[in-house]
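**Q** Next input, structure requested:
(chains A and B)
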Amino acid sequence: MLEETYRELRLPLLRLAFLLTGSRETAEDVVQSAFLSAQPRWHRIDDPPAYLRRSVVNLAKDGQRREYRRRRLLPPEPESVTANPELDETWALVRQLPPKQRAVVVLHYYEDLPLVDIARLLHRPASTVRSDLRRALDRLRKALR
Amino acid sequence: MTTSLDDKLRRTLTAVADTVQAAEHALPAPSPARTGSRKRRRLLIGAGVTIAAIPLAAAAIIRSGSEYVDQIPPENPIISGSLDGERYWVVDGRDDPRCPGSPSGIELIAEAHNVVGQEWSTVGAVFGEQTADGCPSRQPADPPESTYFADGGLQIGDGMLWMGALHPDIDQVRVVLDDGEAFNAAIFEHEGGEYYVLEVPPGTETLTIDYLTDGDVVEPPTGDRHVVPIE
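**A** A predicted model of the protein is given here:
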């Protein structure tokens, strides 16, 4: 059952972790750690996909802190990710959002989660999540003008 | 404009996510029989503010080595206890051969995560700013004030064991579980440094911790809040 879930969810979780952390290496670590920490209590987890997604979001926060420290030492090189300049430009701007705003944007626009579910996932008031999203969109709009 | 931005974000995030392709990886299973070079996962909580709501989230350093659980319960624990029916022990942290002269801190061993014959899965805490080579500070008695505390948690059963290493100036750790009354965590000394370990019972939704010096709450320069939502 665990192995089946791993085969099924590893790739979607890797993608989510990459969008949250901006680092493929950190995304791998985050997803491995999420499964590793779930193993001892696997039989007690009611909703494995939700549990693992929550773990990835929480672990990504820690990964982001490490990435931030690394970025402060070494400014990131501009990276072409999608081979589409317009999408690459938007992605570069999303990467520059503060971690909490970025998490809300990723969970809302990539995972299609309603704000109330994001608030529950991030353990933050729904009103705060709404204002995080509004601020993120304002910032992106200005930058994309 | 909103629709256009919404659409652009959806297309961008989907396109970026699609660039991640999974290589074949085996399910991580810490068993010495499956690999000869598995790393011992001892998570050392570094200096500064580290908040974890689930195990492993507090990792700052993963130390490597090839050590496997040889005995449960461990010898000479500093603290023994059980939480939600699962046993745990706090022991003297193991010395890292890469870091001679560094303090080893304390290490938390949960019975459910550590099976004899399999690799260790523990969480450790040690006070002080890390050195450039990733070792704990060799001068824990005189740490910078920017490193007021290092703390983190490990889920045990449906509860959590929270622990921390304290700056020498900290003389009180005030705890509030949910909206309950505040109480002080017991502080103990180890290797000349001060630590605390706190049981967070199952069902707790929020753990709030204040670190105090002479009755005043210490505000770490990082500005992180110490209100920890529990899963």
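
**Q** Okay, now the unreliable bits of chain A?
**A** For chain A, applying pLDDT under 70 flags the ranges A:37, A:39-41, A:62-79.

**Q** How is it divided into domains?
**A** Chain A breaks down by automatic domain parsing into domains covering A:1-76, A:83-145.

**Q** residue nearest the centroid of chain A?
**A** Centroid-nearest residue in chain A, with C-alpha atoms, centre = their mean: A:L20, separated by 2.5 Å.

**Q** give me the element the nearest residue to that one once chain neighbours are set aside is part of.
**A** With C-beta to C-beta, 6 or more residues apart in numbering or on different chains as the criterion, A:L20 has its nearest non-adjacent residue at 3.9 Å, and that residue is A:A60. For glycine as for every other residue, the C-beta is placed from the backbone atoms N, C-alpha and C. Per DSSP states H and E: A:A60 is located in helix A:48-73.

**Q** Output the contacting helices and strands for the next helix or strand after that helix.
**A** The first helix or strand that comes after helix A:48-73 along the chain, using DSSP H and E, is helix A:85-95. If you count contacts as 3 or more C-beta pairs under 8 Å, 6 or more residues apart in numbering or on different chains; DSSP states H and E, helix A:85-95 packs onto helix A:99-109, helix A:126-144, helix B:2-18.

**Q** Flag every buried residue along the longest one.
**A** When neighbours are counted by 16 or more other C-beta atoms under 10 Å in any protein chain shown, the buried residues of helix A:126-144 are found to be A:V129, A:D132, A:L133, A:A136, A:L137, A:R139, A:L140.

**Q** my read: the second one touches A:R102, true?
**A** Right, A:D132. No. Using C-beta atoms under 8 Å, A:D132 is not in contact with A:R102, being 9.2 Å away.

**Q** B:E199 belongs to a strand?
**A** Yes. With DSSP: H, G, I helix; E, B strand; the rest coil as the criterion, B:E199 is located in a strand.

**Q** coming back round to it: pretty sure the residue nearest to A:L20 is touching A:E28, no?
**A** No. With contact defined as C-beta under 8 Å, A:A60 does not reach A:E28; the gap is 11.9 Å.

**Q** okay, and the common contacts of the two?
**A** The contact sets of A:A60 and A:E28 overlap at A:A17 (C-beta atoms under 8 Å, 6 or more residues apart in numbering or on different chains).

**Q** who has more neighbours, those two?
**A** Set A:A60 next to A:E28 and count neighbours by other C-beta atoms under 10 Å in any protein chain shown: A:A60 wins out with 30 against 18.

**Q** what sits against the more buried one?
**A** With contacts defined as C-beta under 8 Å, 6+ apart, A:A60 is in contact with A:A17, A:L20, A:T21, A:T26, A:A27, A:V30, A:A103.

**Q** Chain B: which of these is nearest?
**A** If you rank the contacts of A:A60 by distance to chain B using C-beta to the nearest C-beta, A:A27 comes first, at 7.1 Å.

**Q** Who are the contact partners of the closest one?
**A** Residues in contact with A:A27 (C-beta under 8 Å, 6+ apart) are A:L14, A:R15, A:A17, A:F18, A:L20, A:T21, A:A60, A:G63, B:V20.
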